[in-house]
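**Student:** My questions concern the predicted model and sequence given below.
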Amino acid sequence: MNAKLTESLDKAALAVGFVLFFGIMISSELRDSLGVLTGHLIGWLPDILPFHVVLFILAAVTGLYASLIQKYTMDWDFLRAQQEKMKKLQRNMKEAQLSGDQSRIQAAQTEQMKMVSDQGKMMQMQFKPMLYIGLISIPLFMWAYLYIGGHPNLAMNFPFWGEHAINTTVLGPILYWFYWYFVCSLPVSQIIRKALDIGSMS
């Protein structure tokens, strides 16, 4: 009974994550609704903290959540084994091509074809956590986007760059607020992963 309930909740969470992940790409109403709903939970933060600190908190929350999801939904031993197999295969293929040994080349190509199904499993394993992570990160991002849109005068002082409106672009489509979030999330995520001893493929 517990196994069936867990499986049902898992499927429901993935379905919601799928809807959020792709729905925000095509529906502005969904984006706005997510922002408004999330605002009821965290909309008070900018009243007591500078907005760049709020973005740092969001980066920490999503970093912790994403790290935990990846830790418990991904088979790191399998991923590392596949990475080693791929490296070995690439070495064998290169050596076979340099030596001109057609039998070794053919054997390497056959092995490469056998790994296609494993590559598909790896992609599925890496995509599943994205849907789980989206359950938290997408509503937070939609709230930040909506809040910034309603406060066009928000600005930050960046080291070496001076003060900039956070809803203007750094480079191409990258906005200053998203750049700041990204800069905050990198060290926070690394610290969390180190503290929780979360595996990596390296």
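**Tutor:** Cool, the structure landed. Residues are numbered from 1 along each chain as shown.

**Student:** what number of residues lie near residue 67?
**Tutor:** Neighbourhood size, residue 67 [other CB atoms under 10 Å]: 21. All C-beta atoms are positioned from the backbone trio N, CA, C, and that covers glycine.

**Student:** Which residue comes closest to it once chain neighbours are left out?
**Tutor:** Spatial nearest neighbour of residue 67, excluding adjacent residues (CB to CB, 6 or more residues apart in numbering): residue 192 at 4.8 Å.

**Student:** Quick check, the one you found in contact with residue 61.
**Tutor:** No - here residue 192 lies out of contact with residue 61, judged by CB atoms under 8 Å, at a distance of 10.5 Å.

**Student:** The two: which has the busier surroundings?
**Tutor:** Remark: of residue 192 and residue 61, residue 192 carries more neighbours, 19 against 15, as counted by other CB under 10 Å.

**Student:** Which element is encountered next along the chain beyond the lengthiest helix in the chain?
**Tutor:** In the chain, with assignment by DSSP state H, the single longest helix is helix 116-150. Downstream of helix 116-150, the next assigned helix or strand under DSSP states H and E is strand 155-158.

**Student:** Who are the packing partners of the helix or strand just after that following strand?
**Tutor:** Under the assignment DSSP H and E, the closest C-terminal helix or strand after strand 155-158 is strand 162-165. Judged by 3 or more CB pairs under 8 Å, 6 or more residues apart in numbering; DSSP states H and E, strand 162-165 is in contact with strand 155-158.

**Student:** Phi, psi for the residue nearest to residue 67 please.
**Tutor:** Recorded main-chain torsions at residue 192 are phi -60, psi -40, according to degrees, to the nearest 10.

**Student:** Surely residue 111 and residue 90 touch.
**Tutor:** No - shown here, residue 111 and residue 90 do not form a contact pair, counting by CB under 8 Å, at 10.8 Å.

**Student:** Quick check: pLDDT value at residue 149.
**Tutor:** Per-residue confidence (pLDDT) for residue 149: 87.

**Student:** what number of residues lie near it?
**Tutor:** Per other CB under 10 Å, the neighbour tally for residue 149 reads 11.

**Student:** if I look at it, how far off is residue 177?
**Tutor:** The gap separating residue 149 from residue 177 is 11 Å, by CB to CB, to the nearest Å.
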